[in-house]
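# this is the structure alone, sequence omitted:
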Ligand code: FES
Ligand code: FES
């Protein structure tokens, strides 16, 4: 039997740009990006709902794209640019998606909310780049097969529901979430 | 916590006459959209350690060996608590909290050890590495309607008598013109609030315990911990400032808070423990599966003469919990001859508990499905059938209703939904590969209220503070309590601070049973009334420390009412059934409620819609299978247990009728947190019947259950190419 404390925990030095600031962290190689944010950087906006990529509560933007941070090992994100819900507002001014969530009461317990908001921000960018979804009408696909052709038209509730279905909300705030995102998409 | 004063200045405009009835935005919205709101696992005291529980991997037996030495040798591991060395716990009336006290394994997933380490990663690795040996006994986890060990309990959840009989059901049923005799089943369901149960706990040298806990009511958590750890109640402080949903699963203290406090005591360090999602099914309670036989006898005009609702369900060997599914049948319809019964069997399964509208949600699925069958059998429109069975007084108790506007909900819902002219035949509305159908169901939920205390304080600067240990699990408690206070004090809500979510505040009951606002609000109303009196009597400037008044509603809220008090509602659903895939999708869902005075339309609507959304899951996707051989739920995480997603929630609308009921509380409100789920599953299932023309009585209505009935559909796509 090995002596207590004999083995070492493998650690790595990880550089992350989080909400605009470069940080250097010494992390256990097993640490996920989510736990790095929550337990090491005290950025608790990213929530842990399942830790298994099933709920979307941990959604943050990595390199501008939405990602389930519970599925990313922090060491593998070395050099990445990460935006969390804490990094969306500009000072006191909320991001339009945050603003719309407040206005539409698009939350109840609020636990899924940061993930919903980060996901919505990432999703609106994807749509604006012309990425289709399952709900995008085929004729639209045919007309604009090349990427970067702008958001599918109409960018309606169906599109939003489909694209936001990776973010579960057990409180059932979905109709208000969809309204909020639709408003933010218009602005 | 105290919320910022500036947040609800936007609505309504200054000088608005009433603080109540207005759609004030929820106070903590800004904190929640910026990530500033902290939940129980989001406090990290200095030197905080992390714990990870170890669940039993057998369905029944005894722990014979725990190889802790190997685990203690792993880097970063501080302790492995087991029944041999965990702190001995004092008494509690909840045996599910007697954790790590003996070697017994009453069900798979029961905690047998707790790993504690310097980091989350090391704690998880330690828990994974622990080898546990067991003596295994035969287990029995399968609920059947004729299980030999079924018994009639003394009472069902909520203190309801297990059995009620009125008149002569057997004779009346035999003599009825029209009879429905149907059995409905529902699997176990899981609450799965998005925030898994979590606690952060620490002891100080003076023997005081502080915990952040994900709980629906921190007062009970405090009292329970004091008993378990044998310390005075005032030596325990419990904080539940923001809670990521609960739906009943956080209604009483659960394993996480006891384990975190144990580990903190054992290691002398603060300990954080968030239960892994896939462990929740076994340890935080579930909605028990039910087998429900409903018999309705009616005259040819549809008026019910005989009603029996007989429920069979399971509980665990640890604690008896009986889902009171036959109880709503005691309230709903004319039924001169009635039998409502519960029988239960204690199996080697996790302990069931509260899940949103326990009893009502499950029972009304069966009763409202049977009503739909009666409508079909009599050829009477389902809305009309319900109207014909409106009782003059509560059938079971004979007491008059304090208010009952079910008929208005049905009529108003029918009007808004466009029910009139509905195709009477089922299985005939077709659009391409889709079959379409509509369905209706009623809803009910009792008016519950508990005594509470509260303090109201007036400051010199004209602002006010309300102190009450209410909990906001997503309802908007701070917002509505500010409104109640403002109305009594004749001020605007934005001049009222609301301090809730901490056990050191005036004691208040849990956020549960749709009773929070009524219970806390009553005490706030009373305290503010007293404060307003003091302010009127006071002349000149207030003293430097301001003026305060406290209230306790022990007497008035605890008093039994001579009235039957319930909220009612009506749900209307339109579904499409894909004849190729068997998939059912809800196209529209509309609810109309009669729930007393609606104090804040914005947050109320959110709660109604949230309940209805959970009802869609109950109807179509949510199912937890008890694996008989393995002895555990098969669907334990969010990949396997399908809660509704955004794409599953279509146009969902909630409305209410004006209801002025003087027999409730000073605000005139009924509870709204649960009624949204009640009846939704039946409305959806009835719509599926209308679409397909086949009655499916086992929830959820998944494609595999639909497909056998769709194979002969005229345009059905061949599902498999036959090799023969
Ligand atoms: S916590 Fe990452 S997807 Fe659920
Ligand atoms: S607001 Fe509670 S889970 Fe979405």
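Nice, thanks for sending it over. Because the structure is a prediction, the values reported are computed rather than measured. Ligands and ions are numbered 1, 2, ... in the order given.

# tell me the contacts of residue B:554?
residue B:451 (CB atoms under 8 Å, 6 or more residues apart in numbering or on different chains). From N, CA and C alone the C-beta is placed, and that goes for glycine too.

# and if you look at the one 5 residues further on?
With contacts defined as CB under 8 Å, 6+ apart, residue B:559 has no neighbours.

# now do it, the pLDDT please.
Note on residue B:559: pLDDT of 93.

# now swap in residue B:670 and tell me
In this model, residue B:670 is scored at 97, pLDDT.

# now swap in residue B:533 and tell me
Per the predicted model, pLDDT is 97 at residue B:533.

# one more: residue A:151?
Looking at residue A:151, its pLDDT reads 63.

# then residue B:91?
90.

# one more: residue A:87?
98.

# I figured it hits residue A:17, correct?
No. With contact defined as CB atoms under 8 Å, residue A:87 does not reach residue A:17; the gap is 10.2 Å.

# more neighbours, those two?
residue A:87 (20 against 14; other CB atoms under 10 Å in any protein chain shown).

# excluding sequence neighbours, find me the nearest residue to the more buried one.
residue A:19 (3.0 Å; CB to CB, 6 or more residues apart in numbering or on different chains).

# hang on, isn't that neighbour packed against residue A:81?
No. Judged on CB under 8 Å, residue A:19 makes no contact with residue A:81 at a distance of 9.5 Å.

# and the two? Which one has more around it.
When residue A:19 and residue A:81 are compared for neighbours, residue A:19 comes out ahead with 20 against 15, by other CB under 10 Å.

# quick one: residues contacting the more buried one.
Residue A:19 makes contacts with A:43, A:82-84, A:86-87, as judged by CB under 8 Å, 6+ apart.

# roughly how far apart are it and ligand 2?
For residue A:19, the distance to ligand 2 equals 23 Å [CB to the nearest ligand atom, to the nearest Å].

# so that residue versus ligand 1, what's the distance?
From residue A:19 to ligand 1 the distance is 19 Å (CB to the nearest ligand atom).

# then residue B:400?
49 Å.

# what count of nearby residues applies to that residue?
Around residue B:400 there are 14 residues (other CB under 10 Å).

# residue of the stretch 401-550 of chain B closest to ligand 1, please.
At 18.0 Å from ligand 1, residue B:474 is the closest residue in the stretch 401-550 of chain B, using CB to the nearest ligand atom.

# dump the residue contacts of that residue.
Neighbours of residue B:474 in contact, by CB under 8 Å, 6+ apart: A:107-110, A:171, B:243-245, B:610.

# and which of those is nearest residue B:511?
Taking CB to CB as the measure, residue B:511 lies nearest residue B:243 of those, at 7.9 Å.

# can you check the pLDDT for the closest residue to that closest one other than its chain neighbours?
Leaving out its chain neighbours, the residue that sits closest to residue B:243 by CB to CB, 6+ apart is residue B:473, at 4.4 Å. Note on residue B:473: pLDDT of 96.

# give the next helix or strand downstream of the one helix or strand residue B:619 maps to.
Element membership for residue B:619, per DSSP states H and E: helix B:601-620. Sequence-wise, the next helix or strand downstream of helix B:601-620 (DSSP H and E) is strand B:626-627.

# partners of whatever helix or strand comes next after that following strand, with directions?
Where DSSP H and E defines the elements, the next helix or strand beyond strand B:626-627 is strand B:632-633. Sheet partners assigned to strand B:632-633 using DSSP bridges are listed as strand B:626-627 (antiparallel).

# tell me, how many residues neighbour the residue of chain A found nearest chain B?
Of all residues in chain A, the one sitting closest to chain B is residue A:45 (2.2 Å; CB to the nearest CB). When neighbours are counted by other CB under 10 Å, residue A:45 registers 27.

# quick check: chain neighbours aside, which residue is closest to it?
Using CB to CB, 6+ apart, the closest residue to residue A:45 is residue B:35 (2.2 Å).

# show me which residues of the helix or strand containing residue B:338 are buried.
In the assignment (DSSP H and E), residue B:338 maps to strand B:337-347. For strand B:337-347, burial by neighbour count (16 or more other CB atoms under 10 Å in any protein chain shown) applies to B:337-347.
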